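*Asks:* Here is the input, now give the coordinates:
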Amino acid sequence: MSGFKNITVTELQDLLGDGAVLVDVRTDAEIARGRIKGAISLPLHLLPFRLNELDANKTTVFYCQMGGRSAQAAAFAAAQGLTGAANLQGGITAWYHAGGEVVA
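*Replies:* The predicted structure is shown next:
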């Protein structure tokens, strides 16, 4: 069992409406090209040092470019006790292709 949930873009939209936290685990250079509005920037390599900044009582959705790094982030967070950890399948690419807003 992975300890986290893989979610679709549609599910993300619902979760955001319910107050989920969105975490972008890409590098600063990638984020500079655009991000999902409202996302917190927390590059994957810093997650072990900053995981305590996330609210363990909220659903936390991690995303990256395509979903690989964010799956690693969600698995790590879940292993550390973040019970609401989720991974956006397809990452920001899936979000963009589904018509989701990307901001600078």
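*Asks:* For stretch 59-67, the averaged confidence score.
*Replies:* Stretch 59-67 shows a mean pLDDT of 97 in the predicted model.
*Asks:* Just the buried residues of that stretch, please?
*Replies:* For stretch 59-67, a neighbour-count test (16 or more other Cβ atoms under 10 Å) marks 59-65, 67 as buried. Backbone N, C-alpha and C define where each C-beta goes, glycine included.
*Asks:* Can you get me a residue count around residue 92?
*Replies:* Residue neighbour count, defined by other Cβ atoms under 10 Å, stands at 26 for residue 92.
*Asks:* How about residue 5?
*Replies:* 16.
*Asks:* Can you give me every residue that contacts it?
*Replies:* 74, 85-87 (Cβ atoms under 8 Å, 6 or more residues apart in numbering).
*Asks:* farthest-separated two in those residues?
*Replies:* Within the contacts of residue 5, 85 and 87 form the most distant pair, 7.7 Å apart (Cβ to Cβ).
*Asks:* and for the two, which residues touch both?
*Replies:* 4-5, 62, 74.
*Asks:* want to throw those into a markdown table with secondary structure and distance to residue 52?
*Replies:* Output for the shared contacts of residue 85 and residue 87, formatted as a markdown table (DSSP: H, G, I helix; E, B strand; the rest coil; distance: Cβ to Cβ, whole Å):
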| residue | secondary structure | distance to residue 52 |
| --- | --- | --- |
| 4 | coil | 18 |
| 5 | strand | 22 |
| 62 | strand | 16 |
| 74 | helix | 16 |
